[in-house]
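**Q** Build the 3D model from these lines:
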Amino acid sequence: AKHMAHRVLTNAHSRKLQREHLSASWPLFESFASSPDMTEAEFLRAAEKLGHSADWAKEAFRRADADESGNLNFKEFAGATFKWSSIDGGELFASIQTVIEDLDPDGKGWVHMDDFDAFFQGLLEPTEVDEVFWSLEVTDDGQVDMQQL
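**A** Below you'll find the model as predicted:
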């Protein structure tokens with residue numbers, strides 16, 4: 001049960017980082033794409049602005065072009081430019097702390113089902129939120145100690 005909660009929190013953390021990357025990527029995509037999709041030439045210019053080599057950009061474009069259309073939509077572009085290796089340990093720890101703070105906004109050291117629902121809204125189906133929450137050690141008054149997470 002605790003393993004599943006850790007996995008869900010890790011995935012939520014990943015999605016949060018990806019959302020932040022999406023927000024930061026949109027202006028770059030918009031400035032280089034001449035249409036709703038980005039050509040390989042446009043991607044090469046955008047990748048150069050990000051400090052990547054042409055070889056890296058060509059390979060990244062090939063991998064990201066999931067539908068093999070010869071163009072990248074915004075999600076494909078954002079996926080191609082997201083680099084997990086760019087997140088150092090301290091930044092990752094700080095980001096995980098932010099997730100925990102988001103789960104426990106009042107800082108009381110415990111999380112209630114309402115907090116879980118609010119945090120995972122749009123990330124998980126309501127039944128998945130229930131499953132994760134109730135798989136933890138829930139007190140009689142419906143709370144989970146943050147130390148469990």
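**Q** Tell me where the chain is predicted with low confidence.
**A** The chain contains residues with pLDDT under 70 at 1-17, 84-93, 95-96, 123, 148-149.
**Q** residue ranges of the helices in this structure, please?
**A** For the chain, the helices defined by DSSP state H cover 2-32, 40-49, 54-64, 74-81, 89-103, 113-120, 126-135.
**Q** and the last one with helix 113-120, angle?
**A** Pointing back at helix 126-135 there. Comparing the axes of helix 126-135 and helix 113-120 via axes from the mean of the first three to the mean of the last three CA atoms, to 10 degrees yields an angle of 130 degrees.
**Q** now for helix 126-135, which elements pack on it?
**A** Under the contact definition 3 or more CB pairs under 8 Å, 6 or more residues apart in numbering; DSSP states H and E, helix 126-135 sits against helix 2-32, helix 113-120. For glycine as for every other residue, the C-beta is placed from the backbone atoms N, C-alpha and C.
**Q** how about 10 Å then?
**A** Counting contacts by 3 or more CB pairs under 10 Å, 6 or more residues apart in numbering; DSSP states H and E, helix 126-135 packs against helix 2-32, helix 113-120, strand 143-145.
**Q** Mind putting the helices of the chain into CSV with distance to Gln147?
**A** As requested, the helices of the chain are exported to CSV (distance: least, CB to CB, whole Å):
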stretch, distance to Gln147
helix 2-32, 11
helix 40-49, 43
helix 54-64, 40
helix 74-81, 35
helix 89-103, 10
helix 113-120, 15
helix 126-135, 16
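**Q** what's the closest of those to Gln143?
**A** Nearest of the helices of the chain to Gln143, taken as CB to CB: helix 113-120 at 8.4 Å.
**Q** returning to that earlier point: which of the helices of the chain sits most buried?
**A** helix 74-81 (a mean of 20; mean count of other CB atoms under 10 Å).
**Q** picking up where we left off before, so which of the helices of the chain comes closest to Asp141?
**A** The closest of these to Asp141 is helix 113-120. By CB to CB, the value is 10.8 Å.
**Q** Now do the contacts for Asp140.
**A** For Asp140, the contact set (CB atoms under 10 Å, 6 or more residues apart in numbering) is empty.
**Q** separation between it and Phe116?
**A** To Phe116, Asp140 is 17 Å away according to CB to CB, to the nearest Å.
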